[in-house]
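**Q** Requesting a structural model of the entry that follows:
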Amino acid sequence: MDINFNKNEDHNKLLLSDLKQRLAKVKLGGGEKRIAKLHSEGKMTARERIDYLLDKGSKNIEIGAFVGDGMYKEHGGCPSGGVVVKIGYINGKQCVVVANDATVKAGAWFPITAKKNLRAQEIAMENRLPIIYLVDSAGVYLPMQDEIFPDKEHFGRIFRNNAIMSSMGITQIAAVMGSCVAGGAYLPIMSDEALIVDKTGSIFLAGSYLVKAAIGETIDNETLGGATTHCEISGVTDYKAKDDKDALDRIRSIVGKIGDYEKAGFNRIKAEKPALDENEIFGILPKSRAEQYDMMEIIKRLVDNSEVDEYKAGYGQSIITAYARIDGWAVGIVANQRKIVKTTGAKTKPSEMQFGGVIYSDSADKATRFIANCNQKKIPLVFVHDVTGFMVGSKSEHGGIIKDGAKMVNAVANSVVPKFTVVVGNSYGAGNYAMCGKAYDPRLIFAWPSAELAVMGGAQAAKVLLQIEESAMKARGEEITPEKEEELFNKIKSRYDEQVSPYYAASRLWTDAIIDPLDTRKWISMGIEAANHAPIEKPFNLGVIQV
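**A** Next up is the predicted model:
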């Protein structure tokens, strides 16, 4: 291995180490003192509940671990958005599990909490997966009620989705393991079956203090809405559990009896590990986001037997299109090639050079055809991002780059096969859209620690913003020295670099997770397994496109 390989490896493993440290901190939720308080009340934490519920030793993936990261500092923060979401297996059945974290503001809902809960429901609906709610929440976080209560994608959408999922035949099970108040009380009752834990679980539209204030009635919370009340008097809940573990055991028993599902029929054979060493990914991926490298070398370390069938290998080489298998599943891969290549396409001169990571007209044309082929063959699509955008300049504009790019966007938007997006490097501008960014409904979208998501890179953006700032300063008659210019540039770049960070994107749920690159195969495999629960119900149709 050369010196650059070793430098890249050191850099990327440091990024991975930072990821693991951040995850360890996030998993503490509201902190060790609040965890201890929860235990003293005879309750398990959200993560302990999920770990107990899922099959021991089975695979699982966490959605939105970094949601809320760095947000709401004036309110004390909101680690993981105050809710833990995992896709895993219960008695061998793949399920979505959603658990309120009572160590974070008593499980109260911040605006980002609602967004994360809606994402969990979206995954369940798209993939027809059973969804389990482990409820322990004080309800809406009142100081921010105006940002969570009335709009379409706010708190009320949760209950709308409960109703829609019920009509779709998607199993929903709720266990009330702590507070379940006000509007939140509808969630367990709109589920198929509801459990409540004796003495710690409670459900009511208004607690004892509010009841006293509203109608003058004096009553304690247990009598008002405890387990005995709802299992023996109101009939609101179906099962009374003696403690958390008893409730979780009952859920496992219920899920274990759910019948089989109609499969979409995606092709799968016996899985094989990559023939090439997956760990070499850390040395191949450059330290600098501007450096060139061969994306095919990354792909070969992600796919079974390191075998790919490349489609149109000699045409439109700034995008790789290839058939392969990941954990036995047949996939179509659309990836940005990051090395400079020579091309002889109809819209280019012989031996013309194309920059890596840029989408050209011929590349967009090739990708459009390949995406259509995968839809025709019912093959799930995997998009691998390291893209700076579409090629610009008079030659590209005159050659119809906008039209060719629109064709690719059209194909991505209208795809009916499940799509999965992996951001390994840059994901800038319209390149993000064409490569199936969040706006184009990937079943899962996740990033490596090396990822950057933005309209453009930090240095380019800082130069543009600096020009605007300098123009404003000149208009005010202020002198701009070289030192002042450098200071302004560094200040702007620092601010922008923070926003292109994968953690900034993950905190706002623009991606579902930041993962260890060596977990990529697991995420895609579990994602396709989930998608296999939902048969394709409409034909692929590109609609109107300009040729």
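**Q** which residues does Asn279 contact?
**A** Contact partners of Asn279, counting by C-beta atoms under 8 Å, 6 or more residues apart in numbering, are Leu518. Using the backbone N, CA and C atoms, a C-beta is placed for each residue, glycine as well.
**Q** Could you verify that it is part of a helix?
**A** Yes: using DSSP: H, G, I helix; E, B strand; the rest coil, the assignment for Asn279 is a helix.
**Q** For Leu28, see how far away it is.
**A** For Asn279, the distance to Leu28 equals 29 Å [C-beta to C-beta, to the nearest Å].
**Q** Output the below-cut-off pLDDT ranges for the stretch 101-250 of the chain.
**A** For the stretch 101-250 of the chain, residues meeting the criterion pLDDT under 70 lie at 183.
**Q** what do you get if the cut-off is 80, keeping everything else the same?
**A** Applying pLDDT under 80 to the stretch 101-250 of the chain flags the ranges 182-184, 206-207, 209.
**Q** How about the stretch 351-500 of the chain?
**A** Ranges of the stretch 351-500 of the chain meeting pLDDT under 80: 351-356, 391-400, 455-467, 469-474, 479-480, 484-485, 488, 492-497.
**Q** Output the helix or strand encompassing Ile173 in CSV, but only the C-alpha positions, please.
**A** Using DSSP states H and E, Ile173 maps to strand 172-181. In CSV, the C-alpha atoms belonging to strand 172-181 read as follows (Å, rounded to 0.1, in the frame of the first residue of the first chain):
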residue,chain,number,x,y,z
GLN,A,172,-49.8,-1.7,15.3
ILE,A,173,-49.2,-2.6,18.9
ALA,A,174,-48.8,0.0,21.7
ALA,A,175,-47.5,-0.6,25.2
VAL,A,176,-48.1,2.3,27.7
MET,A,177,-45.1,2.1,30.0
GLY,A,178,-45.3,5.5,31.6
SER,A,179,-47.2,8.7,30.9
CYS,A,180,-49.6,8.9,27.9
VAL,A,181,-51.4,12.2,28.1
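**Q** Which strands or helices does that strand pack on?
**A** Where contact means 3 or more C-beta pairs under 8 Å, 6 or more residues apart in numbering; DSSP states H and E, strand 172-181 is packed against strand 131-137, helix 156-168, helix 186-189, strand 193-197, strand 202-204, helix 244-255.
**Q** Deepest-packed of the ones you listed, please.
**A** Greatest average neighbour count among the helices and strands packed on strand 172-181 goes to strand 131-137 (a mean of 28), per mean count of other C-beta atoms under 10 Å.
**Q** Tally up the residues packed near Leu28, please.
**A** Leu28 has 15 neighbours, counted by other C-beta atoms under 10 Å.
**Q** Could you do Lys27 as well?
**A** 15.
**Q** do the same with the one 3 residues further on
**A** The tally of other residues near Gly30 (other C-beta under 10 Å) stands at 22.
**Q** what's the nearest residue to it if we skip its chain neighbours?
**A** Distances taken as C-beta to C-beta, 6 or more residues apart in numbering put Thr103 closest to Gly30, at 3.4 Å, once the chain neighbours are dropped.
**Q** Now do that neighbour against Asn267, distance only.
**A** From Thr103 to Asn267 the distance is 44 Å (C-beta to C-beta).
**Q** Which one's more surrounded, the two?
**A** Legend: neighbour count by other C-beta under 10 Å for Thr103 and Asn267, higher for Thr103 (24 against 14).
**Q** residue contacts, that one?
**A** Residues near Thr103 by C-beta under 8 Å, 6+ apart: Gly29, Gly30, Gly31, Arg34, Ile35, Lys37, Leu38, Thr45, Ala46.
**Q** what helix or strand does it sit in?
**A** Short version, using DSSP H and E: Thr103 is in no helix or strand.
**Q** For stretch 42-61, buried residues please.
**A** Residues of stretch 42-61 classed as buried under the neighbour-count rule (16 or more other C-beta atoms under 10 Å) are 43-54, 59-61.
**Q** same check, this time on stretch 13-32
**A** For stretch 13-32, using 16+ other C-beta under 10 Å, the buried residues are Leu15, Leu16, Leu19, Arg22, Leu23, Val26, Gly29, Gly30.
**Q** For the first one, give me its contacts.
**A** Meaning Leu15. By C-beta under 8 Å, 6+ apart, the contact list for Leu15 reads Pro449, Ser450.
**Q** Look at it and give its secondary structure.
**A** helix.
**Q** excluding its backbone neighbours, what's nearest Tyr239?
**A** Nearest one to Tyr239, counting by C-beta to C-beta, 6+ apart, is Leu195 at 4.3 Å.
**Q** Contact partners for that neighbour?
**A** Ile173, Ala174, Ala175, Val176, Thr237, Asp238, Tyr239, Lys240, Ala241, Ala247, Arg250, Ile251.
**Q** okay if I get these as a markdown table plus distance to Val464?
**A** Listed next are the contacts of Leu195 as a markdown table, based on distance: C-beta to C-beta, whole Å:
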| residue | distance to Val464 |
| --- | --- |
| Ile173 | 51 |
| Ala174 | 50 |
| Ala175 | 52 |
| Val176 | 52 |
| Thr237 | 58 |
| Asp238 | 59 |
| Tyr239 | 60 |
| Lys240 | 62 |
| Ala241 | 58 |
| Ala247 | 55 |
| Arg250 | 58 |
| Ile251 | 53 |
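**Q** Could you identify the most distant pair in these?
**A** Among the contacts of Leu195, the pair separated by the greatest distance (C-beta to C-beta) is Ile173 and Lys240, at 15.0 Å.
**Q** So between these two, which is more surrounded?
**A** More crowded of Ile173 and Lys240, by other C-beta under 10 Å: Ile173, with 25 against 19.
**Q** Go through the host helix or strand of Asp497 and flag the buried ones.
**A** Under the criterion of DSSP H and E, Asp497 resides in helix 482-500. Using 16+ other C-beta under 10 Å as the test for burial, helix 482-500 gives Leu488, Phe489, Ile492, Lys493, Tyr496, Asp497, Val500.
**Q** How far off centre is the helix or strand following it?
**A** Following helix 482-500 in sequence order, the next helix or strand is helix 502-507 (DSSP H and E). A distance of 10 Å separates the centroid of the chain from that of helix 502-507, by C-alpha atoms, centre = their mean, to the nearest Å.
**Q** who's in contact with the residue nearest to Asp516 when sequence neighbours are not counted?
**A** Computed as C-beta to C-beta, 6+ apart, the closest residue to Asp516 that is not its neighbour in sequence is Leu16, at 5.9 Å. Leu16 sits next to Phe282, Pro449, Asp516, Pro517 when contact means C-beta under 8 Å, 6+ apart.
**Q** what do you get for Ile123?
**A** Ile123 touches Ile63, Ile87, Val96, Leu129, Arg443, Leu444, Ala530, counting by C-beta under 8 Å, 6+ apart.
**Q** try Ser427
**A** His385, Asp386, Val387, Met435, Gly437, Ala451, Glu452, Leu453, Ala454.
**Q** For the third one, name its beta-bridge partners.
**A** Spelled out, that is Val387. On the basis of DSSP bridges, Val387 is bridged to Ser427.
**Q** so who does it touch?
**A** Neighbours of Val387 in contact, by C-beta under 8 Å, 6+ apart: Asn336, Gly357, Val358, Ile359, Asn426, Ser427, Tyr428, Gly431, Asn432, Ala434, Met435.
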